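> just coords:
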Ligand SMILES: NC(=O)c1ccc[n+]([C@@H]2O[C@H](COP(=O)([O-])OP(=O)(O)OC[C@H]3O[C@@H](n4cnc5c(N)ncnc54)[C@H](O)[C@@H]3O)[C@@H](O)[C@H]2O)c1
């Protein structure tokens, strides 16, 4: 066991070395570890945790090749595999990177806070209201313990968003009364069912297609754009209504998630944000956010766009798109600087939970085909997590005899 992180109390105490554990060693977790090391600070990766040995080993190999044994000190005993891996890996470190599929985030975040860890965690932060409530509770405890929490909603660390939204909040386009947020693209990977695989392993390998793990693509991807709307509106909407379904992606290999969701989110001041996400290969791709205010318009996107115009078309602000830093790097640069200074600065979990809850509320509305309020959604009692986490345990959603999974039917499905 390592010594606990020196918590900043009356004074900030600079730190010479920090030990990090990576929980969820897939694409993003490995990427986040790269970004941590690219900060140039004296960081050691001391433990790794993953449900699967092969995923952990691939990640370890890539990190070792790039950063060498001085930085990647993970011994065989410090490679933890399985559903309980997170607890053991966390115990070895001062800082944790939580990058599993989001279904596990509430459980992992709660444990990281319990173990007094400094935290970088990926979005979304849950898949259902039960998970969100857990995250909100742990977020409060993290604040009292002064544990830094950075969440990978990296637009908050991207200069075009920060600068443009600052100007929107200053009133440059008046009151924002309308908006449109999009994540429309072709969709994601499928991992073929393997002979001998248990249902639990199949779903874990194909986590994207199961709500207890992913929360549907409205949660997994579109949360980024919904989060921008909430950031601009300074809080979540009060109501969601919308429609969605499975139009194109209807195979056995596509689990239970929808391939499109279209919603109107109404905010407390009566303004309405249109939200749209779809996975239609070959159709138009669009991932961005637009807003209309009483005095003008805003256009934002992850491609470093941030433009404000008045209603005559005059440009009020146009963010310089050249030489912009990578926001995935910026979030780590900022976090690790604060950690090495022994400071407490970041508490991203609250807004991440409310943006994630908004995406979940959107899914509840499209799955049920009925409008619902944020309060109703947040108080929903449906908990998607299986009763038992083990390779031979059964998830709550199971395929029928034809190996197709049941999915929501608007008008019939009860979501909360
Ligand atoms: N901020 C961004 O732009 C961004 C981009 C990509 C992914 N993400 C997020 O990162 C997370 C991971 O996505 P990914 O693309 O890396 O997926 P991935 O499948 O590549 O990696 C997930 C890893 O977690 C492991 N895992 C699953 N359950 C686990 C458990 N209970 N305990 C320990 N390990 C477990 C898997 O085996 C896998 O190695 C998701 O929440 C995703 O939304 C964020």
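Arrived safely, thanks for sending. Given the structure is predicted, the values throughout are model-derived calculations rather than measurements.

> Only C-alpha atoms from now on, for both contacts and neighbour counts.
Fine.

> For residue 45, see how far away the closest residue to residue 209 other than its chain neighbours is.
Counting by C-alpha to C-alpha, 6 or more residues apart in numbering, residue 209 lies nearest to residue 255, which is 4.7 Å off, once chain neighbours are set aside. The gap separating residue 255 from residue 45 is 35 Å, by C-alpha to C-alpha, to the nearest Å.

> Return the backbone torsion pair for the residue nearest to residue 209.
Main-chain torsions, residue 255, degrees, to the nearest 10: phi 50, psi -130.

> from what I can see it touches residue 213, true?
No: Residue 255 lies out of contact with residue 213 (C-alpha atoms under 8 Å); the separation is 11.4 Å.

> any bit of stretch 186-202 sitting next to the ligand?
No: Stretch 186-202 does not reach the ligand (C-alpha under 6 Å from any ligand atom); its nearest approach is 9.8 Å.

> how long is that stretch from one end to the other?
23 Å.

> which other residues reach that stretch?
205-206, 253-254, 278-283, 285, 390-395, 398 (C-alpha atoms under 8 Å, 6 or more residues apart in numbering).

> Helices along this structure, start to end?
For the chain, the helices defined by DSSP state H cover 27-38, 53-67, 85-91, 105-114, 129-144, 159-169, 199-205, 217-220, 223-233, 327-340, 349-368, 374-378.

> Mean neighbour count added to those helices, as JSON lines?
Shown next, in JSON lines, are the helices of the chain (neighbours: other C-alpha atoms under 10 Å):
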{"stretch": "helix 27-38", "mean neighbour count": "19"}
{"stretch": "helix 53-67", "mean neighbour count": "16"}
{"stretch": "helix 85-91", "mean neighbour count": "22"}
{"stretch": "helix 105-114", "mean neighbour count": "21"}
{"stretch": "helix 129-144", "mean neighbour count": "20"}
{"stretch": "helix 159-169", "mean neighbour count": "19"}
{"stretch": "helix 199-205", "mean neighbour count": "18"}
{"stretch": "helix 217-220", "mean neighbour count": "27"}
{"stretch": "helix 223-233", "mean neighbour count": "24"}
{"stretch": "helix 327-340", "mean neighbour count": "20"}
{"stretch": "helix 349-368", "mean neighbour count": "27"}
{"stretch": "helix 374-378", "mean neighbour count": "18"}
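
> near the ligand, which residues of this protein?
Neighbours of the ligand within the chain, by C-alpha under 6 Å from any ligand atom: 23-29, 49-52, 55, 83, 86, 99-102, 104, 122-124, 152-153, 220.

> Any of those buried? List them.
23-26, 28-29, 49-52, 55, 86, 99-102, 104, 122-124, 152-153, 220 (16 or more other C-alpha atoms under 10 Å).

> Quick one: low-confidence residue ranges for the protein.
1-12 (pLDDT under 70).

> With adjacent residues omitted, what lies nearest to the residue nearest the centre of it?
For the chain, residue 123 is the residue whose C-alpha lies nearest the centre (C-alpha atoms, centre = their mean; 1.1 Å). In space, and not counting its chain neighbours, residue 123 is closest to residue 152: 5.4 Å by C-alpha to C-alpha, 6+ apart.

> And the one you found, its phi and psi?
Dihedral angles for residue 152 - degrees, to the nearest 10 - are phi -70, psi 40.

> surely it meets residue 119?
No: counting by C-alpha under 8 Å, residue 119 is not a contact partner of residue 152; they are 10.9 Å apart.

> farthest residue from the center of this protein?
Centroid-distance maximum for the chain: residue 312 at 37.4 Å, with C-alpha atoms, centre = their mean.

> Return the distance of the residue nearest to residue 123 relative to residue 121.
Going from residue 152 to residue 121 by C-alpha to C-alpha gives 6 Å.

> circling back to that earlier point, now the helices of the chain as JSON lines including distance to residue 406?
As requested, the helices of the chain are exported to JSON lines (distance: least, C-alpha to C-alpha, whole Å):
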{"stretch": "helix 27-38", "distance to residue 406": "29"}
{"stretch": "helix 53-67", "distance to residue 406": "29"}
{"stretch": "helix 85-91", "distance to residue 406": "31"}
{"stretch": "helix 105-114", "distance to residue 406": "25"}
{"stretch": "helix 129-144", "distance to residue 406": "21"}
{"stretch": "helix 159-169", "distance to residue 406": "39"}
{"stretch": "helix 199-205", "distance to residue 406": "14"}
{"stretch": "helix 217-220", "distance to residue 406": "17"}
{"stretch": "helix 223-233", "distance to residue 406": "24"}
{"stretch": "helix 327-340", "distance to residue 406": "36"}
{"stretch": "helix 349-368", "distance to residue 406": "12"}
{"stretch": "helix 374-378", "distance to residue 406": "22"}
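
> Of those, which is nearest residue 243?
helix 349-368 (4.6 Å; C-alpha to C-alpha).

> Tell me which residues touch the residue nearest to residue 123, please.
Shown in contact with residue 152 (C-alpha under 8 Å, 6+ apart): 120, 121, 122, 123, 328, 331.

> Check residue 235 too.
Contacts of residue 235 (C-alpha under 8 Å, 6+ apart): 351, 354.

> Residue of the stretch 51-200 of the chain nearest the ligand, please.
Using C-alpha to the nearest ligand atom, residue 100 is the residue of the stretch 51-200 of the chain that sits closest to the ligand, at 3.6 Å.

> likewise the stretch 301-416 of the chain?
Distance from the ligand to each residue of the stretch 301-416 of the chain (C-alpha to the nearest ligand atom) is smallest for residue 328, at 7.4 Å.
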